[in-house]
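Engineer: give me coordinates for this.
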Amino acid sequence: MTSLTTLPKKRIRHAKGPFAMTVVYSFTGASILASIIFSLLLFLSIDDGLWMQVLFGSLAVIFELGKFFAWYEFGERLARHNISAAFSAFIFYSILAIISIGGSIGGINSATNTAQSHLDVQNNKKATFDFQIAAIDKQIALNNVAAEKYIELNRIVTGVARIQKENTELRQQQLALAIERDKQPVASQGSVLGLIGSVATALNIETKTAQLSLVIFLSVLLDLFAAFFVGLIGEELRFTRTLKLQQVVQNKHSSPEPDLLDNSASHKASTVSRSEELLQQAIPLLSSGSVRCSKKALSDKLTLNAEDTDQVFTALLAKGLIRQKPNRHFVWQGEGGQNSNKQSVSEKLPSMLEQAA
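Structural biologist: Residues are numbered from 1 along each chain as shown. Next up, the predicted model:
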């Protein structure tokens, strides 16, 4: 017995199942849809007019779908080893991909800028309250300096009392501003902004630079993700077509001789079975004289066609149960017309059937 270790190691490629293809088509559709949306954000911002937005939006969708079909066509031409055609398809895809990546950069950057603007608004409100509180602190400090001057001039009653009253009012305003500042909602920082801040801190670069780098990276990644799954679908379709073609060729070149032998054997068996059944019906009728010994009478009695009738009479002639006159009429002579060394009709039926067949 051949050991498993001695068998050649060969990688077998199988077609992907329905579940795998469903996942592939879902990811492909989602990535293409996201890319189309980001391109729409870029093209729709070109003009505010309704008809111009419709035109530019249609242009964005055409560019996106054409880009992915160009990538699919690149794979098809590369599989046919048509290098020049594949190169032209790749150039066309690259141009559309640059436009798409630009749209994705604009869309993602717009989303991050919107989130940053909300955060800046909240921070500015708090900064305004802090500035007003700091201004009141400075005013109180100046009033305290003036109060010291009045004390030095022995004008405590007229000057210091007025300054103390003014400082009391300023501290009340300061307390009201602090309460209003604390009532403001906390400025929540999103995950993207937190990531941008972390990248800026880690690379020791500005926040704007980190934001642009992250946006470009996500845009390129989205395009590569969609292109990968489009190429995967194309490769799977090519493999399925090749596999079906190989199966058709193998079936065409397979030998049909066993089938022919089986068909001929089954046909012969059915013919023998049919002839045996007809002989078993014809012999009692002819021997008893119920039916006249003629092809027409027997075929009318048993409702036989011309071929079956000829087979029956040929078998009867071969076994000597009937004879044919010079005028070509048949006469039943039974077993008495046979030689004494011949077997009975029942014993001869198998050989008679073989001769009839």
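
Engineer: C-alpha from now on. contacts and neighbour counts both.
Structural biologist: OK.

Engineer: who's in contact with Ala297?
Structural biologist: Val291 (CA atoms under 8 Å, 6 or more residues apart in numbering).

Engineer: where does it sit relative to Thr303, distance-wise?
Structural biologist: According to CA to CA, to the nearest Å, Ala297 and Thr303 sit 10 Å apart.

Engineer: ok, Glu166 next?
Structural biologist: 134 Å.

Engineer: again, but for Leu214
Structural biologist: Distance from Leu214 to Thr303, by CA to CA: 92 Å.

Engineer: check Phe129 too.
Structural biologist: Applying CA to CA to Phe129 and Thr303 gives a distance of 115 Å.

Engineer: between the two, which one's more packed in?
Structural biologist: Phe129 (18 against 12; other CA atoms under 10 Å).

Engineer: what helix or strand is Val331 on?
Structural biologist: strand 330-332 (DSSP states H and E).

Engineer: model confidence over that strand, on average?
Structural biologist: Averaged across strand 330-332, pLDDT comes to 79.

Engineer: now the strands for the stretch 251-357 of the chain?
Structural biologist: 322-324, 330-332 (DSSP state E, counting those that start in this stretch).

Engineer: helices or strands up against the first one?
Structural biologist: Same thing as strand 322-324. strand 330-332 (3 or more CA pairs under 8 Å, 6 or more residues apart in numbering; DSSP states H and E).

Engineer: related to what we said a few turns ago, pull out the buried residues from the strand holding Val331.
Structural biologist: 330, 332 (16 or more other CA atoms under 10 Å).

Engineer: can you list the strands that it pairs with?
Structural biologist: strand 322-324 (antiparallel) (DSSP bridges).

Engineer: for the strand it pairs with, buried residues please.
Structural biologist: For strand 322-324, by 16+ other CA under 10 Å, it's 322-323.

Engineer: show the average pLDDT along it.
Structural biologist: Averaging pLDDT along strand 322-324 gives 80.

Engineer: now do stretch 80-95
Structural biologist: Per-residue scores along stretch 80-95 average to 90.

Engineer: check stretch 51-68 too.
Structural biologist: 88.

Engineer: show me how far the helix or strand harbouring Phe43 is from its chain's centre.
Structural biologist: Using DSSP H and E, Phe43 sits within helix 18-44. For helix 18-44, the separation from the chain centroid amounts to 12 Å (computed by CA atoms, centre = their mean, to the nearest Å).

Engineer: what helices and strands are in contact with the helix or strand just after that helix?
Structural biologist: Note on helix 18-44: by DSSP H and E, the next helix or strand toward the C-terminus is helix 50-79. Here helix 50-79 touches helix 18-44, helix 83-152, helix 207-253, going by 3+ CA pairs under 8 Å, 6+ apart.

Engineer: now do the shortest one and helix 207-253, the angle between them.
Structural biologist: An angle of 140 degrees separates the directions of helix 18-44 and helix 207-253 when computed by axes from the mean of the first three to the mean of the last three CA atoms, to 10 degrees.

Engineer: what residues sit buried inside helix 18-44?
Structural biologist: 27-28, 31-33, 35-44.

Engineer: nearest to Asn251, of those residues?
Structural biologist: Among these, Thr28 lies closest to Asn251 (CA to CA), at 35.5 Å.

Engineer: correct me if wrong: that closest one contacts Phe229.
Structural biologist: Yes - taking CA atoms under 8 Å as the definition, Thr28 is a contact partner of Phe229 at 5.5 Å.

Engineer: quick check: which ranges of the stretch 51-200 of the chain have low pLDDT?
Structural biologist: 111-123, 150-160, 183-194 (pLDDT under 70).

Engineer: residues in contact with Ala85?
Structural biologist: 74, 77.

Engineer: ok, now how distant is it from Glu64?
Structural biologist: According to CA to CA, Ala85 stands 21 Å off from Glu64.
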